[in-house]
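J.: Sequence plus the predicted model coming up.
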Amino acid sequence: MDFEFSQDQQLLAKTAADFVSKRSPVARARKLREDATGYEMSMWKEMADLGWLSIPFSEQVGGIGGSFVDVALILEQLGRELVPEPFVPSVVLAGCVLAHGGSAEQQERFLKPMLAGEITLALAYAERDLRFDIESVSTTATKHNGSFVLSGEKVWVLNGHAAQHIVVSAAHDGWLQLFVLDRDMPGLTIQPLDTFDGRKAARIQLEDVRVDKDRLLAQRPGTELLDIALDYGAAAAVAEGVGLTQRVLDLTVDYLKTREQFEVKIGTFQALQHRAVDMFIEAQLLRSIAFKSSVLADHADPGERRSAVSAAKVQLSVGGKYVTRQAIQLHGGVGCTDEHDIGLYFKRMHVLNTLFGDEEHHVERYASSADFDG
């Protein structure tokens, strides 16, 4: 197997790194915490013009036909500077279910405007007390005069506060189904929420929201669509975590080289050097397993995909948390202040570890795989 990136992929990674460092440094993410939307549509359009939003989609729907490895290269750079634009909610989650489960008409109507950077999307699947169970939803879809009536509640909907279209999961006749809703539909109430890492999400209340049957994503079963999308989401969280972890390591090493105590650089203390080396090892382990999960995220065999994604998500929890916690300690008191960037990375890492299944969930899922030999 060839583990080298192609020339196109190397160019993509370099372009992304240059763009992010110049156009969206972490100071921008810090500033946008106070913004009601939390990101800028002008930046979203620039990302579309660069072709980033189109990468994982087929040419038939206006995409580029790239792989998830290409997506991961973008996500790594977004993670380095905590870029707040809703790449994962729009492209990886909602975009995925539309690409895999939408009709040609639905893709033309809902997906193509997102690829052009004109709108953003969201996927509403999580509910209270269900943890990471995607099937046992209480939101219902009832047929009425040829239409569907949706009732229920969705929580912590990423980008749900601003998305023009929201894909919602609901139970219908014992099956999980996905519907595309407009944010201004009668009966749909959106409550914006602030997340732990300074970004935005939403709680969505559905009270007899009526939708026509052309809003149902019927090309594949809803459970299968969500399973694929959330594995993509988990792999995306790991890819973003790679960039975040590397950036935290770089910041910490730079701090050790410049911070002085008693007129001595603290980086000369061997004990601190050993801790920095341990951080480096964890960062490299995460990078290696993230590459495997990115490759297998597109695998046709669900078992192969799930095993690779779960293993990577567990390593994100183990290694990512270790690196960010060590960074806080090695920065000392300043690392505990909101004014220092290291705290922003720490918070984002903990959110990434919870999204799309935490460590406990993925350990259990990996252990239950058919090829696992305990």
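T.: That came in fine, so what should we check first? Numbers count the residues shown, from 1 in each chain.

J.: Could you count how many residues lie near D49?
T.: 11 (other Cβ atoms under 10 Å). All C-beta spots, glycine's among them, are computed from the backbone N, C-alpha and C.

J.: How about G320?
T.: Around G320 there are 28 residues (other Cβ under 10 Å).

J.: try A126
T.: That count, for A126 with other Cβ under 10 Å as the rule, works out to 21.

J.: Run a quick check on it versus K154, I expect a contact.
T.: Yes. Because the distance of 6.4 Å satisfies Cβ atoms under 8 Å, A126 is recorded as touching K154.

J.: Sketch out the low-pLDDT regions of the stretch 101-250 of the chain for me.
T.: Within the stretch 101-250 of the chain, no stretch falls below the threshold (pLDDT under 70).

J.: for it, what spans make up the strands?
T.: 121-124, 140-144, 147-158, 165-172, 175-182, 188-194, 200-212 (DSSP state E, counting those that start in this stretch).

J.: winner for burial among those strands?
T.: Here the criterion is mean neighbour count by mean count of other Cβ atoms under 10 Å, and of these the winner is strand 121-124, at a mean of 29.

J.: Can you list the strands that that strand pairs with?
T.: strand 165-172 (parallel) (DSSP bridges).

J.: Contacts for the partner strand next, please.
T.: Applying Cβ atoms under 8 Å, 6 or more residues apart in numbering, the set of residues contacting strand 165-172 from outside is 93-94, 97-98, 110, 119, 121-125, 134, 137-143, 148, 150, 152, 154, 157, 160, 176-183, 204, 206, 217, 222, 226.

J.: Give me the distance between that strand and the centre of its chain.
T.: 19 Å (Cα atoms, centre = their mean, to the nearest Å).

J.: Would you mind pointing out the helix or strand K321 falls in?
T.: If you go by DSSP states H and E, K321 is part of helix 321-331.

J.: which of the residues in the helix or strand that that helix is followed by are buried?
T.: Next in sequence after helix 321-331, counting helices and strands by DSSP H and E, comes helix 341-354. Residues of helix 341-354 classed as buried by neighbour count (16 or more other Cβ atoms under 10 Å): 341-350, 352-353.

J.: thinking again about what came up before, can you put the strands of the stretch 101-250 of the chain in a markdown table and add distance to G303?
T.: Listed next are the strands of the stretch 101-250 of the chain as a markdown table, based on distance: least, Cβ to Cβ, whole Å:
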| stretch | distance to G303 |
| --- | --- |
| strand 121-124 | 23 |
| strand 140-144 | 30 |
| strand 147-158 | 27 |
| strand 165-172 | 23 |
| strand 175-182 | 20 |
| strand 188-194 | 35 |
| strand 200-212 | 31 |
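
J.: nearest to E360, of those?
T.: E360 sits nearest to strand 147-158 of all those, at 18.0 Å, using Cβ to Cβ.

J.: strand partners of the closest one, parallel vs antiparallel please.
T.: If you go by DSSP bridges, strand 147-158 pairs up with strand 140-144 (antiparallel), strand 200-212 (antiparallel).

J.: And those: which comes nearest G62?
T.: Between those, strand 200-212 lies closest to G62; by Cβ to Cβ that is 24.1 Å.

J.: which residues make contact with that closest one from outside it?
T.: 37-38, 122, 124, 139, 144, 146-162, 166, 168, 179-181, 185-195.

J.: for stretch 222-232, same thing?
T.: Counting by Cβ under 8 Å, 6+ apart, 68, 92-94, 96-97, 100-101, 123, 125, 134-135, 169, 175-178, 217, 297, 302, 305-306, 309, 356-357 sit against stretch 222-232.

J.: what sits against the residue most central in space within the chain?
T.: In the chain, the centroid-proximal residue (Cα atoms, centre = their mean) is V88; its distance is 4.1 Å. Shown in contact with V88 (Cβ under 8 Å, 6+ apart): 75, 158, 233, 236-237, 240.

J.: quick one: which two of these are the most distant?
T.: L75 and L158 (14.2 Å).

J.: Which of the strands of the stretch 101-250 of the chain sits closest to M114?
T.: strand 121-124 (5.4 Å).

J.: Mind pulling the model confidence for D2?
T.: Predicted confidence (pLDDT) for D2: 58.

J.: Show the residue spans covered by the helices in the stretch 251-374 of the chain.
T.: 270-296, 302-315, 321-331, 341-354, 359-367 (DSSP state H, counting those that start in this stretch).

J.: Throw those helices into CSV and include mean pLDDT and distance to K14, thanks.
T.: Shown next, in CSV, are the helices of the stretch 251-374 of the chain (pLDDT from 0 to 100; distance: least, Cβ to Cβ, whole Å):
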stretch, mean pLDDT, distance to K14
helix 270-296, 92, 17
helix 302-315, 94, 24
helix 321-331, 93, 24
helix 341-354, 95, 22
helix 359-367, 92, 32
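
J.: Switch these over to TSV; also include distance to S24.
T.: Listed next are the helices of the stretch 251-374 of the chain as TSV, based on distance: least, Cβ to Cβ, whole Å:
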stretch	distance to S24
helix 270-296	22
helix 302-315	25
helix 321-331	21
helix 341-354	13
helix 359-367	29
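
J.: among these, which is nearest D49?
T.: Here helix 270-296 is closest among those (Cβ to Cβ), at 24.2 Å.

J.: what helices or strands is that closest one leaning on?
T.: When contacts are defined as 3 or more Cβ pairs under 8 Å, 6 or more residues apart in numbering; DSSP states H and E, helix 270-296 sits against helix 68-80, helix 222-258, helix 302-315, helix 321-331.

J.: got the angle between it and helix 222-258?
T.: 150 degrees (axes from the mean of the first three to the mean of the last three Cα atoms, to 10 degrees).
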